[in-house]
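Participant: sequence first, then the predicted structure, then my questions.
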Amino acid sequence: MDSVRVRFAPSPTGYLHVGGGRTALFNWLYARHHGGTFILRIEDTDRTRSTDEAIEQIFASLRWLGLDWDEVYRQTDRFDRHREVAAELVRRGAAYESEGALWFRVPKEGATTVPDLLAGDVTVQHSELKDLVILRSDGTPIYNFACVVDDHDMGITHVIRGAEHLNNTPKQLLLYQALGWEPPLFAHVPLILGPDRSKLSKRHGAGSVLDYDERGILPEALVNFLARLGWSHGDQEVFSREELVALFDLPGVNTSAAVFDDEKLMWLNHEWLRRLDLDRLGRLLGERIVRRGVADQATVDALGPTKLARAAALLRERGRTLVEMADRARPYLPGDLDLVPEAEALLTAELRPALAEVARRVEGLSQPSAAEFESVLQGVARDLGISIKALAPAVRVAVSGTRVGPGLYDLLSVIGPEIVVSRLRGAARKEER
RNA sequence: GUCCCCGUCGUCCAGCGGUCCAGGAUACCGGGCUUUCAAUCCGGAAACGGGGGUUCGAAUCCCCCCGGGGACACCA
């Protein structure tokens, strides 16, 4: 059997949204699973709506998703070929000119059946079809025609595309027939729906692939999530890219549309955050801290990769996105903190000397571990006759500015003795005013 | 409106004639653990759209209805 050649054929009329992203993913997975070729074809025949910015966006989106293509084409580069084939259709009497445009004649009688790999045989009566324009009056080709010519010329073996194209397929099949060409196999994948159950589109808001990057979603998570929309492997939920390549195939794909559930994406993202290599996560966190304006590049650089990774290890347990992690990273960075409003209530006159005492005892230590911090706090609590349940929250808020966060001793150990001491003293002094 | 596709917990999936008084995940509710929040553990509520068939037996096969979606451009 010929090796698999599939294509993703977006039109550059706007950003790439997740629906297109999933179509691209399924094509890519199919190609990689079968050791085939993944082709990217920019369908820019509508020159009034296509933009170079959109093309760049599509490239950037696919790169971010990690979907590498083996060949890339632009339909506008192939207009001569399209016109040549159109002329051939005229010669064969299958096309005619009217009002300046070239039309393909659809038979009045009979029917065409699409042998869809997923939907099964779908038959459409020719009486339902109208003649279709193949070349506009300005001589440029139209989708249904350019698509057929290109799929044929590029040796496409499987057309995997959104279900909204199922109705186009009979027309395309008729074109293949008129040209005497062997059509590829078709697989129309179910649509992704928005919360209102209509086809996911730009008007549903955050539909752009790159928006998910902006929101702090990992490409691993979005790929995993998109793959699970319409495809499954038993009860498994988390799949690495490698697993997907190994397991994905068309027979496992659904036929019913799926609603995009943001909450589940968040859960999956958290899962991936917790599985990520810590050095890489540390780097991502550093970038995000700067990107979010939490701190500048110099501050992040000063912290260094090791501390960044340690902070990331704590942050990822609670944050569901890189954005949440970065926005909570302030306590790990040098400098003063804004304390939450209830902090004042926690830092009572009774606790003030205790904070100062903790600072004094920490000062003598070098690189204290979480366990050492614990024994310091326990010691101070015991010696000063204070409950640890009162001391711990006060130390936490003094050092991290907030009442919530990782285990206190881990937190202190990662923040490090210098910053801990300085913030403890600051809080103790504040109370004296 | 016409044609086409689809129809299992709110949502994503499993199920492909018996092992299903339907399983997993998420979200939700309650409890344990914890200085807090997470994580985690235990428990709970939650679905085969309806009606006819076929069959000894149907979530699984067929038909009708209903519901949802998509397509009906010199857009893709």
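Facilitator: Happy to help now that I have it. Numbering: from 1, shown residues only, chains lettered A, B, ... in the order given.
Participant: and the stretch 101-250 of chain A, which residues reach RNA strand B?
Facilitator: In this structure, the stretch 101-250 of chain A approaches RNA strand B at residues A:101, A:119-120, A:122-125, A:128, A:130, A:132-133, A:136-138, A:142-144, A:163-168, A:190-191, A:193, A:196-199, A:228-230, A:232, A:234-235, A:237, judged by C-beta under 7 Å from any atom of the strand. All C-beta atoms are positioned from the backbone trio N, CA, C, and that covers glycine.
Participant: give me the buried subset of those residues.
Facilitator: Buried members of those, counted by 16 or more other C-beta atoms under 10 Å: A:101, A:119, A:122, A:124, A:132-133, A:142-144, A:163, A:165-166, A:168, A:190-191, A:193, A:228-230.
Participant: narrow those residues to those in strands?
Facilitator: Filtering those for membership in strands, criterion DSSP state E, returns A:101, A:122, A:124, A:132-133, A:193.
Participant: let's have those in a markdown table, adding pLDDT.
Facilitator: What follows is those, written out as a markdown table (pLDDT from 0 to 100):
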| residue | pLDDT |
| --- | --- |
| A:Ala101 | 96 |
| A:Val122 | 94 |
| A:Val124 | 94 |
| A:Leu132 | 95 |
| A:Val133 | 97 |
| A:Leu193 | 91 |
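Participant: which two in those are spaced the farthest apart?
Facilitator: Greatest spatial distance among these (C-beta to C-beta): A:Ala101 and A:Leu193, at 34.9 Å.
Participant: surely A:Leu303 touches A:Leu333?
Facilitator: Yes - contact between A:Leu303 and A:Leu333 holds when scored by C-beta atoms under 8 Å: they sit 6.4 Å apart.
Participant: all strands for the stretch 201-350 of chain A, in order.
Facilitator: Using DSSP state E, counting those that start in this stretch, the strands of the stretch 201-350 of chain A run over A:258-259.
Participant: which one among the ones in strands among the buried ones among the residues of the stretch 101-250 of chain A next to RNA strand B gets closest to A:Phe373?
Facilitator: Proximity of these to A:Phe373 (C-beta to C-beta) peaks at A:Leu193, which lies at 50.3 Å.
Participant: who does the closest one bridge with?
Facilitator: On DSSP bridges, the residues paired with A:Leu193 through beta bridges are A:Lys199, A:Val259.
Participant: so where is chain A shaky, pLDDT-wise?
Facilitator: A:1-2, A:203-206, A:430-433 (pLDDT under 70).
Participant: in it, which helix has the most residues?
Facilitator: As assigned by DSSP state H, the longest helix anywhere in chain A is helix A:297-318.
Participant: quick one: distance of that one to the chain centre.
Facilitator: Computed by C-alpha atoms, centre = their mean, to the nearest Å, the chain-centroid distance of helix A:297-318 equals 23 Å.
Participant: so which bits of it are buried?
Facilitator: Going through helix A:297-318 with 16+ other C-beta under 10 Å, the ones that come out buried are A:300, A:303, A:307-316.
Participant: ok, now stretch A:171-178?
Facilitator: For stretch A:171-178, using 16+ other C-beta under 10 Å, the buried residues are A:171-175, A:178.
Participant: go ahead and name everything in contact with that stretch.
Facilitator: Contacts with stretch A:171-178, where a contact means C-beta atoms under 8 Å, 6 or more residues apart in numbering, come from A:89, A:92, A:94, A:104, A:106-107, A:112, A:114, A:129, A:132, A:134, A:144-145, A:147-148, A:152, A:182-183.
Participant: again, only this time at 10 Å
Facilitator: If you take C-beta atoms under 10 Å, 6 or more residues apart in numbering as the criterion, stretch A:171-178 is touched by A:85, A:88-89, A:92-95, A:104-107, A:110, A:112-115, A:124, A:126, A:129-132, A:134, A:143-145, A:147-149, A:151-152, A:159, A:165, A:181-184, A:186.
Participant: can you turn the buried part of those residues into a ChimeraX selection?
Facilitator: Selecting just the buried residues from these in ChimeraX takes one command, with 16+ other C-beta under 10 Å as the test:
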select /A:85,89,94,95,104,106,112,114,124,126,129,132,134,143,144,145,147,148,149,151,152,159,165,183,184,186
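Participant: just the contacts of stretch A:171-178: which are in strands?
Facilitator: When strands are assigned by DSSP E, the members of these inside them are A:95, A:104, A:112-115, A:124, A:132, A:134, A:159, A:186.
Participant: center of chain A - which residue?
Facilitator: Centroid-nearest residue in chain A: A:Leu222, 3.8 Å away (criterion: C-alpha atoms, centre = their mean).
Participant: you'd agree that one is up against A:Gly216?
Facilitator: No - look at A:Leu222 against A:Gly216 with C-beta atoms under 10 Å: they stay out of range, at 11.2 Å.
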